[in-house]
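Asker: No letters, just coordinates:
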């Protein structure tokens with residue numbers, strides 16, 4: 001007898017939604033009044049600019065409009081003593097953007113703070129996760 005979709009048995013657990021494993025993320029922000037001077041989105045944008053060497057390509061890679069990316073870069077540059085991003089003059093291959101030494105340091109320090117906070121809170125994070133339902 002040929003097995004049809006009605007008589008075929010589903011594997012055990014089929015149709016049961018899998019619950020994703022919980023993930024702890026530190027999302028540090030440095031604010032000035034109501035404005036976010038440094039935050040996770042701006043750091044992610046800087047990292048992507050560093051990888052792509054372009055604000056346009058970075059914006060596209062993270063699903064952001066060029067205008068929004070440019071505003072965020074301008075916000076970061078304005079918040080710092082020296083700019084984090086420098087734009088390169090165009091030519092045959094066009095311009096581009098790169099992180100300055102300050103930009104590279106900002107990203108490194110931000111990520112180091114996240115890593116240190118996670119290490120310092122490891123026991124409490126483990127305990128908190130143990131309280132979650134499976």
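Answerer: Yep, it's here. Quick caveat, the model's predicted, so the values are computed rather than measured. Numbering: from 1, shown residues only.

Asker: so what's the backbone phi/psi at the residue nearest to the spatial centre of the chain?
Answerer: Computing the C-alpha centroid of the chain and ranking residues by C-alpha atoms, centre = their mean puts residue 44 first, at 4.2 Å. Summarising the backbone geometry of residue 44 under the convention degrees, to the nearest 10, its torsions are phi -60, psi -40.

Asker: Leaving out sequence neighbours, find the closest residue to it.
Answerer: In space, and not counting its chain neighbours, residue 44 is closest to residue 62: 6.4 Å by C-beta to C-beta, 6 or more residues apart in numbering. (Glycine included, C-beta is placed from N, CA and C.)

Asker: Would you mind listing the residues in contact with the one you found?
Answerer: Contact partners of residue 62, counting by C-beta atoms under 8 Å, 6 or more residues apart in numbering, are 44-45, 48.

Asker: Looking at per-residue confidence, what score does it get?
Answerer: Reading off the per-residue confidence, residue 62 sits at a pLDDT of 96.

Asker: Then the one 10 residues further on?
Answerer: pLDDT recorded at residue 72 is 97.

Asker: That one: which element?
Answerer: Of the helices and strands defined by DSSP states H and E, residue 72 is found in helix 66-79.

Asker: Please name every helix or strand in contact with that helix.
Answerer: Helix 66-79 sits against strand 35-38, helix 40-52, helix 55-61, strand 85-88, with contacts defined as 3 or more C-beta pairs under 8 Å, 6 or more residues apart in numbering; DSSP states H and E.

Asker: rerun at 10 Å
Answerer: Applying 3 or more C-beta pairs under 10 Å, 6 or more residues apart in numbering; DSSP states H and E, one finds that helix 66-79 makes contact with strand 35-38, helix 40-52, helix 55-61, strand 85-88, strand 96-99, helix 101-120.

Asker: To residue 130, which of these lies closest?
Answerer: Proximity to residue 130, assessed across the helices and strands packed on helix 66-79 by C-beta to C-beta, is greatest for helix 101-120 (16.6 Å).
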